[in-house]
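[1] Pasting the sequence and the predicted model now:
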Amino acid sequence: MVFGRAPGDARSFLEAINKKTVINTDIPPEYAFSKLTSDNLEEIDVLVEVVVSEKLLSSVLPVDIRPRIKLEVIGSASSLLRQLAAVYQRGRKKNTLVVFDGDQKRLVKNNIKCGKSMFENNDGDFDSWFKDSISYIPGEK
């Protein structure tokens with residue numbers, strides 16, 4: 001794709017949001033073309049435990065970033081671990097960020113162990129990939 005070979009600062013996307021012109025620069029070509037074709041091409045899946053976490057993240061994300069993210073409520077921490085292990089097992093075909101509730105921060109070692117136990121192919125780099133693919137809602141609850 002020719003557009004993808006252009007340097008990032010040469011790629012811009014103009015759109016009207018709430019009767020204002022918004023200029024998005026340095027956007028990935030796939031996202032720009034999905035906007036032009038009215039497809040919603042999310043660049044990353046963000047998985048959370050509960051609706052409150054989803055609402056919190058939605059409220060702090062900049063408006064121009066929200067359409068680029070698929071934010072999804074999965075359920076318990078163990079459900080999030082299953083989803084993350086499945087992404088890893090499939091070869092990381094899609095960017096995924098799991099945002100646990102704050103109470104899970106102290107259980108990171110247990111969660112890594114639990115995540116590892118959910119897939120057959122344990123090639124050794126799961127721990128670092130896992131830590132790079134998670135975050136936490138602030139707080140202890």
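    Cool, got the structure. Numbers count the residues shown, from 1 in each chain.

[2] who's in contact with the longest helix along the chain?
    The residue-count maximum for a helix in the chain (DSSP state H) belongs to helix 77-89. Here helix 77-89 makes contact (CB atoms under 8 Å, 6 or more residues apart in numbering) with 47-49, 74, 93-94, 96, 98, 100-101, 104, 107, 111, 114-116, 118-121, 126, 129-130, 133-134. From N, CA and C alone the C-beta is placed, and that goes for glycine too.

[3] Show me what secondary structure element comes after it.
    strand 96-100 (DSSP states H and E).

[4] Let's test this: mean pLDDT of that following strand, rounded?
    Averaging pLDDT along strand 96-100 gives 91.

[5] which residue ranges form the helices in this protein?
    Going by DSSP H, the chain shows helices at 2-5, 29-36, 51-60, 77-89, 108-116, 126-132.

[6] Quick check: which of those helices has the most neighbours on average?
    Of the helices of the chain, the one with the most neighbours on average (mean count of other CB atoms under 10 Å) is helix 77-89, at a mean of 18.

[7] Send over it as PDB, restricted to the C-alpha atoms.
    Presented in PDB, the C-alpha positions along helix 77-89 are these (Å, rounded to 0.1, in the frame of the first residue of the first chain):
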ATOM      1  CA  ALA A  77     -10.000 -12.000  36.500                       C
ATOM      2  CA  SER A  78      -9.800 -15.700  35.600                       C
ATOM      3  CA  SER A  79     -11.900 -15.000  32.500                       C
ATOM      4  CA  LEU A  80      -9.500 -12.300  31.500                       C
ATOM      5  CA  LEU A  81      -6.600 -14.700  32.000                       C
ATOM      6  CA  ARG A  82      -8.300 -17.200  29.700                       C
ATOM      7  CA  GLN A  83      -8.700 -14.600  27.000                       C
ATOM      8  CA  LEU A  84      -5.100 -13.400  27.300                       C
ATOM      9  CA  ALA A  85      -3.800 -17.000  27.200                       C
ATOM     10  CA  ALA A  86      -5.900 -17.600  24.100                       C
ATOM     11  CA  VAL A  87      -4.400 -14.500  22.400                       C
ATOM     12  CA  TYR A  88      -0.900 -15.800  23.200                       C
ATOM     13  CA  GLN A  89      -1.700 -19.300  22.100                       C
END
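
[8] Much appreciated, bye for now.
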